[in-house]
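J.: can you look at this prediction? I've put the sequence above it.
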Amino acid sequence: MVGSLSEQFRGRRCHVFVDRRVMSRRAFASLAAASACSAGLALCGCGAGDGSTALSERRSRASSLDVARALQRVSPDGAIPAYRRPEDRSFLNVEAQRSDHVTDAAFVNFREVTAGAIQPGRLFRSASPIGSEYGPYADALLRRYGIGHVLNLYCKSAADVEGRLYDESRGAVRYRSLYESGAVTWYGIRDAIDFGYDNARRYAAAVREICAGEGPYLVHCRVGRDRTGMLVEMLEALCGATWSEMKDDFMESFANINLVTERDDRDAYWTIVEDLFVGRTRVLTNVDGGDPFCAADIAASARAFLKLGGCTDGDLEAAVRYLTSD
């Protein structure tokens, strides 16, 4: 039933994004609701909105609020507390150097993903081990944790991978070995929050790779924050993660890359949470600003989006089973 709906939506135009082969936001909300029913998930009474408000308008409204905020509830287990939005946003332009961190893992934004029911040793995320300053440090971590397959969200072709691997990277011994054995796949995702059909196909292909169970899997883009974060958030939601777990994992990347922590700069921290984590999640779930949403909404919408891209219920169940089984 849902698969046939996905076919219908491929010819519809999205009200937010440029891709011409995507569904409308209202149609996406309908598919999310249908997917929630099939997964036995309640949408917690959240409204889907009328689909007419563009993400840019939402961000504009949010940016105009430059005074301290009252408590704003966004989910049953997570809330945005009162904070003051900083006028200076230069913290978003910071990119940490190796000398800023005690460990190699923090510098390359490398970590194990264990939110929800995800078991240790199944899923990792990081910045790119090839074609970047992170390479030698990241490659050593690939060896240390026995990574068996790499999901490269950044490169768009074999030539792109090989250019970065052979022409620009030195010391990427483990990555080269994985690539030459067919254990590196690439997806060419350009925009983390384009939820159109083309990106749905790319994210869904990455999830189907996990079905094979040939991990541990490493997901990476350039710095391992936005595109990687979007795929990881969907997987975490499907594996039962709470809103707070997903938010904490998302914000760890900003601590590693932009050196923003709640302890050191509370206002910058919560500005990023609201504008980027909550903002993009509202687009995925189609829940307008001010309305609550919960982890079940994220899981249902992730399921619908990945099914639009070609995943079947069996694919999603197999990926979840691999990530969560003892």
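T.: Thanks, I have it.

J.: from memory L306 sits against R202, does it?
T.: No. The pair L306 and R202 fails to qualify as a contact (Cβ atoms under 8 Å) at a distance of 10.6 Å. In this view, the C-beta of every residue, glycine as well, is placed from N, C-alpha and C.

J.: compare these two and say which one has the larger neighbour count.
T.: Using other Cβ atoms under 10 Å as the criterion, L306 and R202 rank with L306 on top: 28 against 20.

J.: and after the helix or strand encompassing that one, which helix or strand comes next?
T.: Secondary structure from DSSP states H and E places L306 in helix 295-308. Where DSSP H and E defines the elements, the next helix or strand beyond helix 295-308 is helix 313-324.

J.: what helices or strands is that following helix leaning on?
T.: With contacts taken as 3 or more Cβ pairs under 8 Å, 6 or more residues apart in numbering; DSSP states H and E, helix 313-324 sits against helix 197-211, helix 227-238, helix 295-308.

J.: what's the longest one in contact with?
T.: In this case it means helix 197-211. Outside helix 197-211, the residues that touch it by Cβ atoms under 8 Å, 6 or more residues apart in numbering are 9-10, 19, 21-23, 149, 151, 153, 185, 187-189, 191, 217, 219, 230-231, 234-235, 305-311, 315-316, 318-319, 322-323.

J.: in it, which residues are buried?
T.: For helix 197-211, the neighbour count (16 or more other Cβ atoms under 10 Å) marks 197-211 as buried.

J.: sort out which one of the residues you listed lies nearest G224 for me.
T.: Within the buried residues of helix 197-211, the smallest distance to G224 is 14.1 Å, found for A206 (Cβ to Cβ).

J.: quick one: terminal-to-terminal distance for stretch 93-104?
T.: End-to-end span of stretch 93-104 (Cα to Cα, to the nearest Å): 21 Å.

J.: ok, and what's touching stretch 90-106?
T.: With contacts defined as Cβ under 8 Å, 6+ apart, stretch 90-106 is touched by 107, 110-111, 133, 137, 140-141, 223, 255-260, 265, 268, 272.

J.: ChimeraX command to pick out the buried ones of those residues?
T.: Here is the ChimeraX command that selects the buried residues among the contacts of stretch 90-106 (16+ other Cβ under 10 Å):
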select :107,110,111,137,140,141,223,255,256,257,258,259,260,265,268,272
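
J.: now, the contacts of stretch 90-106 that are in helices?
T.: Judged by DSSP state H, the contacts of stretch 90-106 include F107, Y137, A140, L141, A255, N256, I257, A268, I272 as members of helices.
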